[in-house]
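Colleague: need a structure here:
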Amino acid sequence: MIQLDGVTKRYGDAYAVQDISLTAASEATTLLIGPSGSGKSTLLRLVMGLTSPDAGTVTVAGDRLTPATARALRRRMGYVIQEGGLFPHLTGRANAALMARHLDWSRERIDARIEELTRLVQLDPDRLAQYPTELSGGQRQRVSLMRALMLDPDVLLLDEPLGALDPMIRADLQDDLRDIFRRLGKTVVFVTHDIGEAAFFGDQIVLLREGQIEQRGAMATLLDDPASPFVTDFIQAQRAPLEHLRTEGRE
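Modeller: The predicted structure is shown next:
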């Protein structure tokens with residue numbers, strides 16, 4: 001569904017991503033992980049056509065992404081960012097319906113789609129009358145997901161969508177999101193810095209380092225057959241404190 005071939009992006013003399021070739025398969029979830037500055041969010045912006053590569057090509061569903069095709073292709077993608085990115089002056093409903101109204105959908109069509117999505121993301125319909133500041137973090141993300149799914153896109157792009165949530169809300173949303181991904185069969189590219197979250201969602205894990213791919217594959221491959229000491233160090237750095245306590249307790 002999404003193909004990057006030899007993609008490079010520079011900002012000044014610094015490479016954000018360098019000569020990356022990557023396929024995000026249809027109806028599967030590709031997780032981009034890595035430390036800050038490794039190029040994760042830049043790759044999403046390149047796929048969205050929000051920035052253009054200095055070299056290489058991006059193809060979405062067989063169509064090459066260019067400045068001329070970006071707007072049309074973008075309508076086939078849903079985009080969710082950390083904390084939702086909702087417009088504070090619009091209600092939840094108005095945020096969710098924004099693109100549909102821009103495309104002149106009828107009121108009846110919008111109402112039907114809103115009702116369908118409210119059930120899908122398990123949001124109390126009464127919350128849609130509220131403004132983002134009146135919603136909890138989890139509720140804002142559910143509205144943001146509704147907005148991303150409003151046009152029934154082929155592709156979902158998520159940039160640290162759960163990073164700002166407290167652990168219990170995050171766990172609930174992780175379960176719900178994975179269920180939604182599986183039910184809808186979308187092509188998903190998901191950015192996270194959390195190795196556990198990557199393992200939970202990912203059909204393919206892509207570990208980035210300084211704008212290049214360090215290793216890709218199933219999580220079991222990264223754990224059992226790391227490509228470099230960096231892969232091992234990155235995974236070990238995220239070992240939970242409780243795991244350290246259990247290990248120390250056995251010594």
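
Colleague: Check the gap between the residue nearest to residue 161 when sequence neighbours are not counted and residue 1 for me.
Modeller: Excluding the flanking residues, the one nearest residue 161 by C-beta to C-beta, 6 or more residues apart in numbering is residue 80, at 4.6 Å. Glycine gets a C-beta too; all of them are placed from N, C-alpha and C. Residue 80 sits 17 Å away from residue 1, going by C-beta to C-beta, to the nearest Å.

Colleague: quick revisit: neighbours around the residue nearest to residue 161, how many?
Modeller: Neighbourhood size, residue 80 [other C-beta atoms under 10 Å]: 22.

Colleague: which secondary structure element contains it?
Modeller: Element membership for residue 80 (DSSP states H and E) is strand 77-81.

Colleague: still on that earlier bit, my guess is the residue nearest to residue 161 meets residue 163, correct?
Modeller: No: using C-beta atoms under 8 Å, residue 80 is not in contact with residue 163, being 11.3 Å away.

Colleague: Three-state assignment for the closest residue to residue 6 other than its chain neighbours, please.
Modeller: Spatial nearest neighbour of residue 6, chain neighbours left out: residue 56 (3.8 Å); criterion: C-beta to C-beta, 6+ apart. With DSSP: H, G, I helix; E, B strand; the rest coil as the basis, residue 56 sits in strand.

Colleague: Same check on the one 3 residues further on?
Modeller: In three-state terms, and counting by three-state DSSP, residue 59 is strand.

Colleague: Leaving out chain neighbours, which residue sits closest to it?
Modeller: residue 3 (4.3 Å).

Colleague: can you check residue 125 too?
Modeller: residue 118 (5.2 Å).

Colleague: neighbours around that neighbour, how many?
Modeller: 20.

Colleague: Pull the contacting residues for it.
Modeller: With contact set as C-beta atoms under 8 Å, 6 or more residues apart in numbering, residue 118 has these partners: 125, 128, 146.

Colleague: who touches the last one in this structure?
Modeller: Okay, so that is residue 146. 96, 114, 117-118, 120-121, 123.

Colleague: Helix or strand for it, just tell me which one.
Modeller: Using DSSP H and E, residue 146 falls in helix 137-149.

Colleague: Do a quick rundown of the strands in the protein.
Modeller: Listed in chain order, the strands found in the chain under DSSP state E are 2-11, 14-24, 29-33, 55-60, 63-64, 77-81, 155-159, 187-191, 204-209, 212-217.

Colleague: Residues in a beta bridge with the residue nearest to residue 59, which ones?
Modeller: As for beta bridges, residue 3 partners with residue 23, residue 59 under DSSP bridges.

Colleague: coming back round to it: among the contacts of residue 146, which lie within helices?
Modeller: 96, 114, 117-118, 120-121 (DSSP state H).

Colleague: That's all I had, so thanks and see you.
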